[in-house]
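Enquirer: Kindly return the folded structure for what I paste below:
(one chain, ligands or ions: 1)
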Amino acid sequence: MNAQSAFQHESKRLEDVLGHIGHQLGAIGPRYTGSDFTEQMIDLQNEQRRERLEVSKREPYFGRLDFQEGVQGAAKPLYIGKAGVAHEKTNELLVVDWRAPVASLFYAFSGGEAPVAYESPDGTIEGVVHLKRNLMVRESALERLVDSYVRGQEDEAVTDEFLLYRLGESKDNKLRDIVSTIQHEQDRIIRTEKNKAVFIQGVAGSGKTTVALHRLAFLLYQYAGRIRAERMVIFAPNRMFLDYISGVLPELGVGDILQTTYTEWALETLQNAVRMDDSADALAYWFEHPRTRKQMERSSGRLKGSIRFKEAIDARLADIEARLLPEEPFEPIDRLVLSAAKMREWLATDESGEPLMRRRERLVSRLKRWFESEWKARRFTDKKVKAKAQSKLNAYAKKIPSYSAESFYASLMDDETVGGLLPASVRAETKKRVKKGLAAAEDLAPLVYIHLRLFGTERSSYDHIVIDEAQDYSPFQLESLRLCQRQPSMTVLGDLQQGIHGYAGIHSWRELSDLFEADERGYFELDRSYRSTMEIIEFANHVLRGMGDEVKPAVPVFRSGEPVDLIEVREEERLAKLADTVQQWQGDGAYKTIAVLGRTAAACEAIGERLTQAGLTASVVRSKQEAYLGGLTVVPVYLAKGLEFDAVIIADADAASYGPDDAKLLYVGCTRALHKLTLFHSGPATGLIAP
Ligand SMILES: Nc1ncnc2c1ncn2[C@@H]1O[C@H](COP(=O)(O)OP(=O)(O)OP(=O)(O)O)[C@@H](O)[C@H]1O
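Expert: Numbers count the residues shown, from 1 in each chain. Take a look at the predicted model:
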């Protein structure tokens, strides 16, 4: 079949499938507005079905795979889309859901006549592929068709033409789904079984965030009925990032997943018993002034985030449990005695599995019940005696210490064992802060951990946890999240090369993965970068070269673009030249999103002002920003992590702004660009980009 008749054939089939979708949409009927519960439930299901069909109507499928099961018989065309669609009468599958086992063939197949296989619930199914076709459908019309494999034709290798076409497009202000072009190495991660903590080390732009979101959609499909979206949670670095990724899950038909930052989640878990201490703003401290790698390594954040610190807390918790009960017996009335040994036995054999302070509450209630039953059994009646006994009981209960997470944490700062771990100045500062009801970011994991160990959590346990930018997490933070799951089911992703928060985060993945048993964890690496052109990736790799063995260079997809520009300007002309460049780019109309990245927040304010004076509409991103608007953005480089823009200007690639310890920061900046990267410097350029 030649290209033209293939196009006609596919257009005809598309029309046919759209007819079925239209028919099914029409059959759903009007919304129910009454108060009958069963009817309301049916209406909810209908609504979800309507939403899925609406997505299918716009783009019913994106791929076709002709698969011949076994060695004989005919190849059957499978059309793969975001949601499955069945024939309303015959139930024949018109579109296969991308998450179905057979669809994995579409992503895994890399050409060749050799047999292929996929795992179905009934076991391994083998067969051969006859055709792999990408179909681009936009607003219900077939726009483009690319055959990446036709059996029997010379060219055996699947070309990346379709992928390159997708990568070459401009981006708006939201991350998109990639179901039509998921790569095999990404698909393997997405389809990993549920009960594992999956760690993903991936270079900038390798699709980590995107893969994690697709994995959630896959898990909900694969384990339908066993896990629920409301019991999943995504942790991201800030609200703006959450806004940026907010479009992907609805497009994949997934709703209701809690999306939060660790800080927000921790404060909520602590029932807002503490507030953040603005004067201890880590971003301002670490990024607004030059800091060295050594300073980062010795930071209090690293110490408080360590497993040694957690172990010191565990030891103290064990200690207070051992010494919780008073030495003396409880004697509410003369000769009515409950021995201390008996109470210790009660506490030790309380099998509720509840945290310590809950067990304390149960013990006090049991004391009361014991007294009441003894009172009755001995037929005491004197009210005065009873009142006196009750006040003795209250006094006795008070001797059993009761802690809040904050009081425990503050008292920990006087503890001898902690003394060896944290410098005296840090302990004094921490104690002062917590006593005022305040916390720094580095206090949150210990506080949450203590809270969970003392009181447990009100929330039910999480079915799955996603942690993005996990290189910025401490082992202790991960431990605190582990307490919220019955068994590990996590996707933990990040890039050590972008670990710019070294004062708090990890330096090696083992710091986190060692918290899990070998059979509870999985580890994947992604080294192909899909975001940027070859020129940008080569330039960014060069920035990291001084870091020696640690470096894993990003491998570009073969997508060539414009050269990276390095422009020297006089300091007094810098802002004017920046504005000129942006104006020129906007005039060309080639880029939808442009970012100017400054080294500090103060630098960004000045740039924003100058761009406004030049008549440009720019939004300056600040650390508490909630939304990413797209268009022209000015953003401190350290807040740009996770985002991407068609074109990027690094405003101040000077030796004074980026010292030898800032390679990761500059790497983050450079790898935000999809198609165009320009760096300005005045005076000597940073040594990080020297040839
Ligand atoms: N298989 C793919 N097909 C098409 N586009 C892809 C694919 N994988 C990734 N991308 C695109 O590459 C870009 C980078 O993806 P994403 O932001 O998920 O990467 P990341 O690894 O989280 O990056 P970073 O570490 O820099 O934040 C996005 O525009 C995404 O749509």
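Enquirer: make it CA atoms for all contacts and neighbour counts henceforth
Expert: OK.
Enquirer: Next secondary structure after the helix or strand where Arg308 lies?
Expert: Element membership of Arg308, judged by DSSP states H and E, is helix 307-322. Where DSSP H and E defines the elements, the next helix or strand beyond helix 307-322 is strand 330-333.
Enquirer: all strands of the stretch 251-400 of the chain, in order?
Expert: 258-260, 275-276, 330-333, 336-338 (DSSP state E, counting those that start in this stretch).
Enquirer: JSON lines for the ones you listed, including distance to Ile178 and mean pLDDT?
Expert: Formatted as JSON lines, the strands of the stretch 251-400 of the chain follow (distance: least, Cα to Cα, whole Å; pLDDT from 0 to 100):
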{"stretch": "strand 258-260", "distance to Ile178": "20", "mean pLDDT": "94"}
{"stretch": "strand 275-276", "distance to Ile178": "37", "mean pLDDT": "91"}
{"stretch": "strand 330-333", "distance to Ile178": "67", "mean pLDDT": "88"}
{"stretch": "strand 336-338", "distance to Ile178": "67", "mean pLDDT": "89"}
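Enquirer: Tell me which of those strands sits nearest to Ala389.
Expert: strand 330-333 (4.6 Å; Cα to Cα).
Enquirer: Name the strands paired with that closest one and say parallel or antiparallel.
Expert: Paired neighbours of strand 330-333 in the sheet (DSSP bridges): strand 336-338 (antiparallel).
Enquirer: quick one: buried residues of the strand it pairs with?
Expert: Leu338 (16 or more other Cα atoms under 10 Å).
Enquirer: do the same with stretch 210-230
Expert: Neighbour-count burial for stretch 210-230 flags 210-222, 227-229 (criterion: 16+ other Cα under 10 Å).
Enquirer: Is it positioned near the ligand?
Expert: Yes: counting by Cα under 6 Å from any ligand atom, contacts between stretch 210-230 and the ligand involve Thr210.
Enquirer: Extract the C-alpha set from that stretch and format it as PDB.
Expert: C-alpha atoms of stretch 210-230 as PDB (Å, rounded to 0.1, in the frame of the first residue of the first chain):
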ATOM      1  CA  THR A 210       6.800  12.700  32.900                       C
ATOM      2  CA  VAL A 211       7.600   9.000  33.500                       C
ATOM      3  CA  ALA A 212       6.600   9.200  37.100                       C
ATOM      4  CA  LEU A 213       3.200  10.700  36.200                       C
ATOM      5  CA  HIS A 214       2.600   8.000  33.500                       C
ATOM      6  CA  ARG A 215       3.600   5.400  36.100                       C
ATOM      7  CA  LEU A 216       0.800   6.600  38.400                       C
ATOM      8  CA  ALA A 217      -1.700   6.200  35.500                       C
ATOM      9  CA  PHE A 218      -0.300   2.800  34.800                       C
ATOM     10  CA  LEU A 219      -0.600   1.600  38.400                       C
ATOM     11  CA  LEU A 220      -4.200   2.800  38.700                       C
ATOM     12  CA  TYR A 221      -5.000   0.800  35.600                       C
ATOM     13  CA  GLN A 222      -3.000  -2.300  36.400                       C
ATOM     14  CA  TYR A 223      -4.100  -2.500  40.000                       C
ATOM     15  CA  ALA A 224      -7.700  -1.200  39.600                       C
ATOM     16  CA  GLY A 225      -9.800  -1.800  42.600                       C
ATOM     17  CA  ARG A 226      -6.800  -2.500  44.800                       C
ATOM     18  CA  ILE A 227      -5.300   1.000  44.900                       C
ATOM     19  CA  ARG A 228      -7.000   4.300  44.800                       C
ATOM     20  CA  ALA A 229      -6.000   7.700  43.400                       C
ATOM     21  CA  GLU A 230      -7.100   9.400  46.700                       C
END
